[in-house]
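Engineer: Okay, here's the prediction I keep looking at, along with the sequence it came from:
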There are 2 protein chains.
Amino acid sequence: MSIDWRRNNSLNNFFFNCSSCDIESRVVIEDFLDKKLEKILEVKAEKLNHAIEKGIIKFFDFNGTPALQFKKEVGKIESGTVIYFKDKTEVIRGFPKTRRTLMLSPTIKNHFKDKIVVEEKMNGYNVRIAFIGDEIVALTRRGYVCPYTTKKAVEILDLNEFFNDNPDLVICGEMVGTDNPYVSHYYEEIGSLGFRVFDIREKLSNNPLPLKEKYELLKKYKLPSIRVLGTFNVEGAVDEIKKIITEIGEENREGVVMKDPQMEIIPLKYTSSQAHDDEISYAFTFPFDFGKDFFFSRVIREGFQAFEMEENEEELQERAKRLGESILYPMIDTIKNVSAGNTAGEDMVIDVETPEEAEEFLRHLHDLGVYALLIEFKDKKAIIRRIHQSTTDKINNFLKGGLY
Amino acid sequence: MSIDWRRNNSLNNFFFNCSSCDIESRVVIEDFLDKKLEKILEVKAEKLNHAIEKGIIKFFDFNGTPALQFKKEVGKIESGTVIYFKDKTEVIRGFPKTRRTLMLSPTIKNHFKDKIVVEEKMNGYNVRIAFIGDEIVALTRRGYVCPYTTKKAVEILDLNEFFNDNPDLVICGEMVGTDNPYVSHYYEEIGSLGFRVFDIREKLSNNPLPLKEKYELLKKYKLPSIRVLGTFNVEGAVDEIKKIITEIGEENREGVVMKDPQMEIIPLKYTSSQAHDDEISYAFTFPFDFGKDFFFSRVIREGFQAFEMEENEEELQERAKRLGESILYPMIDTIKNVSAGNTAGEDMVIDVETPEEAEEFLRHLHDLGVYALLIEFKDKKAIIRRIHQSTTDKINNFLKGGLY
């Protein structure tokens, strides 16, 4: 069965083509999808149907299995949630947004009780890995099945035993390293590509396992955990985390996630100054493509961190200098680059068996609205160039005398 | 006659109270206001009426004279335009937005012909002064009659002779100095308050006088002109203006406006790095009150200027450091200030005869949506504190552990 994309599907008018009999059918599955989903998700059918009409929930075809993707939050169901209508209905909930604190004190004491576990937050991209029927899929944050990530997850990790024993759990982690098409960052212990698990969650409920259980499962199935940086009493945690953040920053690492050991309180994240500047520097390499929001929030983080760290004159000057350079230098480089006749773009390396596999990945990027080209394929490495058109066009316009 | 504010006024249904007979009247002035305005402004009556319904054009009462204020552009009529229905209909057009270039080359050569006159752009607020019947009014950029500015303009300038001879001209200039309620900036030659004329324009057409005529009129009527920094052939202008901008920046002055001597081509502005940082520094003193747009555009200007100035490593470092410090230092100061229990605000000094006059000015600010308090009145100086509530509230929230 495959979905007929020419028709408007809804929860009770669902069009499909049968691949065996070649007949186009319309199933009026009243009292099926809508009533069933309403019950499973605890979201009213009208609300779900309304979201389908608005394009917030989209039907898609996953290797012949009808599926739904939530492009935004609907009721309590997170953006990035995916539902597969296989032999049973499988719900992989979106990964919840991790809230951020700008101040360690008093937030840690107010927010947590007794103890917190501090795990590292790595700079890569968020991936959920789950078992659908007999297939392993890797979903990006927004709920797309990324062909590259799926292939790599299975290569890097030995997942079969885990999912055979725990088909209703979802592995949530960060794909990191230099050779990935989303967020390239060098980690000494990772190199080109690696995966680190930070959460294990239940499929439908999205409940995370308590940390002790999570660590035991990861150990049992030899799955790589994100680094655990310590367990602290909330009373003394602030000073410890300040130290950790300073060290992590000096190593150009991103930050920490603070967690309740039972996972009954939502985790909080906190990041290093170097990570803020790193992102600002990226944003200003493509100033007209990356939002003003992106920039503003990171600058605000710097302000509160500098305040809380009680930095001396010299440390402040160093922070200010680094911030200014992160804004100005990449922007000037890009202006020079465009002025020399080039396009503002970034090259990414991915491991693929064939050029066709690279092309398949490019189609996936195009589906996401990202414009990218295959530049080179050699020794099973593909160089993909992501083009930042708005930056290129705007800079060209201003260089030619366009008015602001 | 005064307008009845309880009713919905439109161009052909105009309600007013007669102050002498105390009767409330409705004038159906068909074929009057709408047909007349359509003809005068060359904008269709439907468009004008639509703008009135939307609140884009507002009726107001100016000392008993019905008047209209354009809050946004309508057709070719600029935002800030004000129309008075006195003995004759007086149209004071809004001051046109001066376009900016990010690059001196090739823009100057592309945009102008033969020669340009470079005038200084000062850091104050834009004021239009005009004669309405027998009254002199000073309008702010958005078209409000500012009581303080009106009073000060008449004090500072000797305008009677000019307006007696030229009732159909509008004087456009910058109110500058430390003691003003909008943009306080110290200029050695100005001190507490001064006015500099940059344009003289015709009332209804908004046509600017050619520069030679303007300078002659200003000389004849002893009105203070903005500084003229030179007249250049467009061919050699770029290097000259680079020098001027560097000098002006070192003196913490704002920038230049480049003009066609005949004023037949629209002028262009270009500003110093120090002016950009000065504004960024102000924006980050009240980060949650001043838009992200405000910040982004100024950073972009820095990028293009650094590129065009072909700065060496040291100059670039200096520019980056100054930028970083302009963002970070004021923000940290404000966080410290709010953390000590204060409100994020700025104090402004204005010259007034009585506390009542200060209160009248505060009412004017409230009408503009600005929250300000009278802090002190002494020796005919009023200290007014403008409160930045959003910055105060957000910082307090984050300091107390509010999540981002």
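Structural biologist: In hand now; what should we look at?

Engineer: quick one, helices of the stretch 201-350 of chain A?
Structural biologist: Taking DSSP state H, counting those that start in this stretch, the helices of the stretch 201-350 of chain A run over residues A:211-220, A:237-250, A:273-285, A:292-308, A:313-339.

Engineer: Once you drop chain neighbours, what's closest to whichever residue of the stretch 201-350 of chain A sits closest to chain B?
Structural biologist: Minimum separation of the stretch 201-350 of chain A from chain B (CB to the nearest CB) falls at A:Gly324, amounting to 2.9 Å. In this view, the C-beta of every residue, glycine as well, is placed from N, C-alpha and C. With CB to CB, 6 or more residues apart in numbering or on different chains as the criterion, A:Gly324 has its nearest non-adjacent residue at 2.9 Å, and that residue is B:Gly324.

Engineer: ok, now which ones touch that neighbour?
Structural biologist: A:Arg319, A:Ala320, A:Lys321, A:Arg322, A:Leu323, A:Gly324, A:Glu325, A:Ile327 (CB atoms under 8 Å, 6 or more residues apart in numbering or on different chains).

Engineer: Test my guess that the third one contacts B:Lys321.
Structural biologist: Yes. With the criterion set as CB atoms under 8 Å, A:Lys321 and B:Lys321 qualify as a contacting pair; they are 4.8 Å apart.

Engineer: rewinding a little: need the contacts of B:Gly324 in TSV (columns: pLDDT).
Structural biologist: Written out in TSV, the entries for these read as follows (pLDDT from 0 to 100):
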residue	pLDDT
A:Arg319	96
A:Ala320	97
A:Lys321	97
A:Arg322	96
A:Leu323	96
A:Gly324	96
A:Glu325	97
A:Ile327	95
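
Engineer: check contacts around the closest residue in space to A:Gly143 that isn't next to it in sequence.
Structural biologist: If you skip the residues right next to it in sequence, A:Gly143 has A:Gly80 as its closest partner in space, 4.1 Å away by CB to CB, 6+ apart. Residues in contact with A:Gly80, defined by CB under 8 Å, 6+ apart, are A:Gln69, A:Phe70, A:Gly94, A:Phe95, A:Leu139, A:Thr140, A:Arg141, A:Arg142, A:Gly143.

Engineer: Next, count neighbours for the second one.
Structural biologist: Spelled out, that is A:Phe70. By other CB atoms under 10 Å in any protein chain shown, the residues close to A:Phe70 number 24.

Engineer: Please name the nearest non-neighbouring residue to it.
Structural biologist: In space, A:Phe70 is closest to A:Thr81, 4.1 Å off (CB to CB, 6+ apart).

Engineer: For the one you found, give its distance to B:Phe195.
Structural biologist: Taking CB to CB, to the nearest Å as the measure, A:Thr81 falls 62 Å from B:Phe195.

Engineer: which one of the contacts of A:Gly80 is nearest A:Lys47?
Structural biologist: Of all the contacts of A:Gly80, A:Phe70 has the smallest distance to A:Lys47: 11.8 Å, by CB to CB.

Engineer: Am I right that that closest one is in contact with A:Ile92?
Structural biologist: No. In this structure, A:Phe70 is not within contact of A:Ile92 by CB under 8 Å, at 10.2 Å.

Engineer: Please enumerate the shared neighbours of the two.
Structural biologist: Once CB under 8 Å, 6+ apart is applied, the residues that A:Phe70 and A:Ile92 both contact turn out to be A:Thr81, A:Val82, A:Gly143.

Engineer: Give the burial count for the second one, as a bare number.
Structural biologist: Read it as A:Val82. Other residues near A:Val82 come to 24 when the count uses other CB under 10 Å.

Engineer: roughly how far apart are it and A:Thr65?
Structural biologist: Taking CB to CB as the criterion, A:Val82 is separated from A:Thr65 by 11 Å.

Engineer: quick one on the thing from earlier: save the shared contacts of A:Phe70 and A:Ile92 as TSV, and put in pLDDT too.
Structural biologist: Shown next, in TSV, are the shared contacts of A:Phe70 and A:Ile92 (pLDDT from 0 to 100):
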residue	pLDDT
A:Thr81	98
A:Val82	96
A:Gly143	95
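
Engineer: List just the nearest of the residues you listed to chain B.
Structural biologist: A:Thr81 (22.5 Å).

Engineer: burial count for the closest one?
Structural biologist: 23.

Engineer: measure it to B:Ser297 for me?
Structural biologist: Between A:Thr81 and B:Ser297 the distance is 38 Å, computed by CB to CB.

Engineer: do the same with A:Pro167
Structural biologist: For A:Pro167, the distance to B:Ser297 equals 53 Å [CB to CB].

Engineer: One more: A:Gly255?
Structural biologist: 30 Å.

Engineer: Compare those two and say which is more crowded by neighbours.
Structural biologist: The neighbour comparison of A:Gly255 against B:Ser297 (other CB under 10 Å) goes to A:Gly255, with 23 against 16.

Engineer: I figured that one hits A:Tyr270, correct?
Structural biologist: Yes. At 5.6 Å, A:Gly255 counts as touching A:Tyr270 under the criterion of CB under 8 Å.

Engineer: Which residues are in contact with each of the two?
Structural biologist: Residues touching both A:Gly255 and A:Tyr270 comprise A:Ile245, with contact defined as CB under 8 Å, 6+ apart.

Engineer: Count the residues that sit near A:Ile226.
Structural biologist: By other CB under 10 Å, the residues close to A:Ile226 number 19.

Engineer: Please report how far it lies from A:Lys242.
Structural biologist: As it turns out, when the distance is counted by CB to CB, A:Ile226 lies 20 Å from A:Lys242.

Engineer: Please apply the same query to A:Gly324.
Structural biologist: Here A:Gly324 is placed at a distance of 24 Å from A:Lys242 (CB to CB).

Engineer: Residue numbers of the stretch 1-150 of chain A in contact with chain B?
Structural biologist: The stretch 1-150 of chain A comes close to chain B at residues A:Arg99, A:Arg100, A:Thr101, A:Leu102, A:Met103, A:Pro106, A:Thr107, A:Asn110, A:His111, as judged by CB under 8 Å from any CB of the partner chain.

Engineer: Among these, which one is most surrounded by other residues?
Structural biologist: Ranked by neighbour count (other CB under 10 Å), the residues of the stretch 1-150 of chain A next to chain B have A:Leu102 at the top, with 25 neighbours.
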